[in-house]
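J.: Build the 3D model from these lines:
(chains A, B and C)
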Amino acid sequence: MRALPRRFYARPSRVVARALLGRLLVRGRGRRRLSGRIVEVEAYDGARDPASHAFRGETARNRTMFGPPGHAYIYVSYGVHHCLNVVTGTPGTAAAVLIRALEPVAGIAAMRRRRGLGDRERLARGPGCVTRALGLTVAHDGLDLTSGPLWIADGPPRRGGRRIARSPRIGISRAVARPWRFFLAGHPCVSGPRTAGRGVPTRRTGR
DNA sequence: GTATCGATTAGC
DNA sequence: CTAATCGATACA
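T.: Okay, the predicted model is just below:
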């Protein structure tokens, strides 16, 4: 399978987000290949989206998002974890899709080693777990997904017979009502709610 | 300059 | 429930 062409990414983040579900995210080539089916994503919409890192303009951290589509935007979350996004839209739009969860397909033993976990369904469940399982860090920020050792496979997205469900995005405090989280309904590797829920997620108490 | 908050997770 | 830990942001 080939890497998805750049034109795939040169569309609005919500369109790309849905189109990514069921596709294969691949790290490396040959025997050392790691891969997983994308089962959960979130769309972010640059300057038009208060929840986006790009909402307040370009910084050293989010520079990649302002570049051409089809590149990996990887940032440090909570000072501890790394999160993988794909840049979408036209250059300067600074839109992106966060990869929140994978169903591990290849290199599962290596993922188990990296994660110190046996449960396949939990290996890449959650954005920080995705990068941990694949061995991605901010050192990989800016990688070109159409040519590099990190890519997304072309071909019909196999959804395993599951429908695409949507919900509000997880872990944000602004623009909380926008239903821009997309996932394969009921898939065991999805983090958080696995069925479509209307309305704003329940706010955790304490702050 | 200091204080606070995250596109989170693992562990009590 | 909290700690971890750092870039970005808010404010004196």
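J.: can you list the weak-confidence ranges in chain A?
T.: Low-confidence segments of chain A (pLDDT under 70): A:197-207.
J.: C-alpha coordinates for stretch A:75-86, PDB please?
T.: The C-alpha coordinates for stretch A:75-86 follow below in PDB (Å, rounded to 0.1, in the frame of the first residue of the first chain):
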ATOM      1  CA  TYR A  75       3.400  18.400  20.700                       C
ATOM      2  CA  VAL A  76       4.000  17.800  24.400                       C
ATOM      3  CA  SER A  77       0.800  17.500  26.400                       C
ATOM      4  CA  TYR A  78       0.800  18.300  30.100                       C
ATOM      5  CA  GLY A  79       4.600  18.400  30.000                       C
ATOM      6  CA  VAL A  80       4.600  14.600  29.900                       C
ATOM      7  CA  HIS A  81       2.900  13.100  26.900                       C
ATOM      8  CA  HIS A  82       3.200  13.500  23.200                       C
ATOM      9  CA  CYS A  83       0.200  13.900  20.900                       C
ATOM     10  CA  LEU A  84       0.100  13.200  17.100                       C
ATOM     11  CA  ASN A  85      -1.900  15.300  14.600                       C
ATOM     12  CA  VAL A  86      -2.000  15.400  10.900                       C
END
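J.: what's the residue closest to the geometric middle of chain A?
T.: A:Ile99 (0.9 Å; C-alpha atoms, centre = their mean).
J.: Spit out the contact partners of that one.
T.: Counting by C-beta atoms under 8 Å, 6 or more residues apart in numbering, A:Ile99 touches A:Leu20, A:Leu25, A:Ile38, A:Glu40, A:Val41, A:Cys83, A:Leu84, A:Asn85, A:Val86, A:Pro127, A:Val130. (C-beta placed from N, C-alpha, C; glycine too.)
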